[in-house]
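Engineer: Sequence unavailable; structure follows:
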């Protein structure tokens, strides 16, 4: 176990590597500098800042992302997390509402699904303590994933671990292979994961993560002025974040089916110019909440089904934003990481080159 184990609490297919924000903040920052990530995703920048004793603020419009990022700033002993899970299940009512249908029947054993629903209901009612925030993240990480040959480490039938299986495809897949969900030890899985991720806690550092829309100025009303903004915004055309995380979204209070509509608070992908303009609103907001001499560092790339050149989209977003672009460096391993261009079951095309873009406050 290591001090950075908590960063792996839940996979997220758009995550960027921890070494990116760590390197940037080590090279240019110092202990105590405030850091903002207005597209924080699962909180990698916030966690890097925590490791370096730098306070941070993370903002994301996805409930899944915000829940995971909040866990990156929390601390609790493994035993307390397990005890909380046991206490919830012991006190739970049998009448808990359980989703119905072929997908749910094949995705989870009946007993497992009931316990997940009991945990879900309790955490939806109260999840303000650090112990419960970490328990929630640990459950989200174990909610779906592959079935190992040995002891189960996920609650579900065979599934991807980074994104939720789509119901029709999953039912067909499981039925054709006669695959049925195991009666897993829910508390045992929580215990194993708690001990893995929480055995060596990182330093306690001031910070917060909030669910919100970074385009809106009010989102930053209580945000301290930061010396660094380190982030990776959505690539133009990537708009399936919530549908691809629908099971984790369900656990956080969402519907028990996939919703494909564009949710409120998400950047709109109706055109490259509009997308750049909307992203520019975010850069203006973080400029207002940054110190003199602050730096904005952005990792950015693109996907293959959009004709717009990614760097053109990003450069347009920086016009009159309060930031001046200084340099852009190609990421040498763009194709090796699991980034926004690499998802679903099929073999992805060669990744479009990603860039680390460095800006100074104008």
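Structural biologist: That came through, no problem. All figures in this text were calculated on a predicted structure; none of them were measured in a lab. Residues are numbered from 1 along each chain as shown.
Engineer: May I have the phi/psi pair for the residue sitting nearest the centre point of the chain?
Structural biologist: Geometric centre of the chain, nearest residue: residue 42, 2.6 Å, by C-alpha atoms, centre = their mean. Residue 42 has phi and psi values of phi -90, psi 10 when expressed as degrees, to the nearest 10.
Engineer: How about the contacts made by it?
Structural biologist: Contacts for residue 42 (C-beta atoms under 8 Å, 6 or more residues apart in numbering) come out as 10, 12, 15, 65, 68, 69, 72. (C-beta placed from N, C-alpha, C; glycine too.)
Engineer: Need the pLDDT of the fourth one.
Structural biologist: The pLDDT attached to residue 65 in the predicted structure is 95.
Engineer: any idea what the residue lying closest to it once chain neighbours are set aside is structurally, helix, strand or coil?
Structural biologist: With sequence-adjacent residues excluded and distances taken as C-beta to C-beta, 6 or more residues apart in numbering, residue 65 is closest to residue 41, at 5.0 Å. Following DSSP: H, G, I helix; E, B strand; the rest coil, the label given to residue 41 is coil.
Engineer: for residue 41, what are its contacts?
Structural biologist: Residue 41 neighbours (C-beta under 8 Å, 6+ apart): 12, 14, 15, 16, 60, 62, 65, 68, 69, 232.
Engineer: residues near residue 357, how many?
Structural biologist: Applying other C-beta atoms under 10 Å, we find 20 residues neighbouring residue 357.
Engineer: ok, the host helix or strand of it: who's next to it in the sheet?
Structural biologist: Residue 357 is part of strand 355-361, with elements assigned from DSSP states H and E. Here strand 355-361 is paired, per DSSP bridges, with strand 290-300 (antiparallel), strand 323-330 (antiparallel).
Engineer: ok, which stretches of this protein are helices?
Structural biologist: With helices called from DSSP state H, the chain shows them at 19-28, 44-51, 63-71, 78-91, 102-107, 110-125, 130-142, 167-176, 186-198, 246-251, 272-288, 310-318.
Engineer: Any chance of those helices in a markdown table with distance to residue 227 and mean neighbour count as columns?
Structural biologist: Supplementary listing: those in a markdown table, determined by distance: least, C-beta to C-beta, whole Å; neighbours: other C-beta atoms under 10 Å:
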| stretch | distance to residue 227 | mean neighbour count |
| --- | --- | --- |
| helix 19-28 | 9 | 17 |
| helix 44-51 | 11 | 28 |
| helix 63-71 | 20 | 26 |
| helix 78-91 | 33 | 17 |
| helix 102-107 | 45 | 19 |
| helix 110-125 | 35 | 18 |
| helix 130-142 | 26 | 24 |
| helix 167-176 | 46 | 15 |
| helix 186-198 | 29 | 20 |
| helix 246-251 | 33 | 23 |
| helix 272-288 | 11 | 19 |
| helix 310-318 | 19 | 19 |
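Engineer: so which of those helices comes closest to residue 209?
Structural biologist: When the helices of the chain are compared by C-beta to C-beta, helix 63-71 sits nearest residue 209, at 4.2 Å.
Engineer: how close does residue 226 sit to residue 316?
Structural biologist: 24 Å (C-beta to C-beta, to the nearest Å).
Engineer: hmm, back to that, what about the residue nearest to the centre of the chain, distance to residue 163?
Structural biologist: Residue 42 is 13 Å from residue 163, by C-beta to C-beta.
Engineer: show me the contacts for residue 145.
Structural biologist: Counting by C-beta under 8 Å, 6+ apart, the residues that residue 145 touches are 153, 154, 156, 159, 160, 161.
Engineer: Taking those residues together, which two end up most distant?
Structural biologist: 153 and 160 (14.2 Å).
Engineer: just to revisit the earlier point, I'd like a version of the contacts of residue 42 in TSV, one that adds distance to residue 282 as further columns.
Structural biologist: Formatted as TSV, these follow (distance: C-beta to C-beta, whole Å):
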residue	distance to residue 282
10	24
12	20
15	19
65	15
68	20
69	16
72	21
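Engineer: Nearest to residue 116, out of those residues: which one, please.
Structural biologist: Here the nearest of the contacts of residue 42 to residue 116, counting by C-beta to C-beta, is residue 10; it sits at 15.0 Å.
Engineer: Show the contacting residues for the closest one.
Structural biologist: The contact partners of residue 10, by C-beta under 8 Å, 6+ apart, come to 42, 68, 71, 137, 138, 140, 141, 248.
Engineer: Next one: the residue nearest to the centre of the chain, what pLDDT does it get?
Structural biologist: At residue 42, pLDDT is 93.
Engineer: gap between residue 66 and residue 41?
Structural biologist: Distance from residue 66 to residue 41, by C-beta to C-beta: 9 Å.
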